[in-house]
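Visitor: Make a model of this:
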Amino acid sequence: MNLYLMRHAEAVDLAEAGVDHDADRPLTEKGQRQAERVGRLLKRLDVTLDLVLASPLLRARKSAQHVLEAMSAKVEVKKLDVLEPEKSGEAIWKAIVSEQAENVLVVGHLPSISNLARVLLGSLTEQPLRFHKSSVAALRCDSGGLAPRVTLEWMLSPAATKRLVSQHAQSLSTPSRASGERSSASRHG
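Guide: Numbering: from 1, shown residues only. Here you go, the predicted structure:
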């Protein structure tokens, strides 16, 4: 299984915009951009998704939706109550395994997303991976079941994702020097 773990993108503070309940906090404009960047990066890496699981809290569901839109992926976001902030990594893993999917994006919160990483990577520390808002990690889970062999393939912070997506966009919009030289030579030839 290819498992992509993501902490939700930046959301408004509880008192902002008339939000009274933590579960109803929407993404900020910055948070929307963060989630879209993750989606563009996953698309650039040719990631395909069979399943997207998100916490029922609005900020996680919206993060997942923005990722999918940026990927142009036709996958529905499935709400999973066990992804709420204080849930155990074991319970989350059990729910993921029960879905029987090969390429899964999980969008959640701290500490639950770190709890899942700790369970899968076998760490004795509380947070084996530091999930900032909109951080994403790719794990390869082999031999399935409740005790898989897991490899951390990569993990990116929001800043690293922003740099990679910006570099890719610049490389697409800037013609290479060699092609520019050829075209000017052909005009004068």
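
Visitor: quick one: contacts of the helix or strand containing Ala137?
Guide: For Ala137, the element it lies in under DSSP states H and E is strand 136-142. The list of residues contacting strand 136-142 from outside it, by CB atoms under 8 Å, 6 or more residues apart in numbering, reads 1-6, 38, 41-42, 117, 120-121, 129, 131, 148-156, 161. Quick note: C-beta positions are derived from backbone N, CA and C, even for glycine.

Visitor: Please repeat the previous calculation with a cut-off of 7 Å.
Guide: 1-6, 38, 117, 120, 129, 148-156 (CB atoms under 7 Å, 6 or more residues apart in numbering).

Visitor: any idea which helix or strand comes after it?
Guide: For strand 136-142, the following helix or strand on the C-terminal side (DSSP H and E) is strand 149-156.

Visitor: what angle do whatever helix or strand comes next after that following strand and strand 136-142 make?
Guide: Using DSSP H and E, the helix or strand that follows strand 149-156 in sequence is helix 158-173. Here the directions of helix 158-173 and strand 136-142 differ by 100 degrees (axes from the mean of the first three to the mean of the last three CA atoms, to 10 degrees).

Visitor: re the thing from before, which positions within the strand holding Ala137 qualify as buried?
Guide: 136-139, 141 (16 or more other CB atoms under 10 Å).

Visitor: Just the CA trace of that strand, in CSV.
Guide: What follows is strand 136-142 as a C-alpha-only set of coordinates in CSV (Å, rounded to 0.1, in the frame of the first residue of the first chain):
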residue,chain,number,x,y,z
VAL,A,136,2.8,15.4,3.7
ALA,A,137,4.6,12.1,4.0
ALA,A,138,4.7,9.1,1.7
LEU,A,139,5.0,5.7,3.3
ARG,A,140,5.2,2.2,1.7
CYS,A,141,3.4,-0.4,3.7
ASP,A,142,4.3,-4.0,2.7
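
Visitor: Alright, calling it a day.
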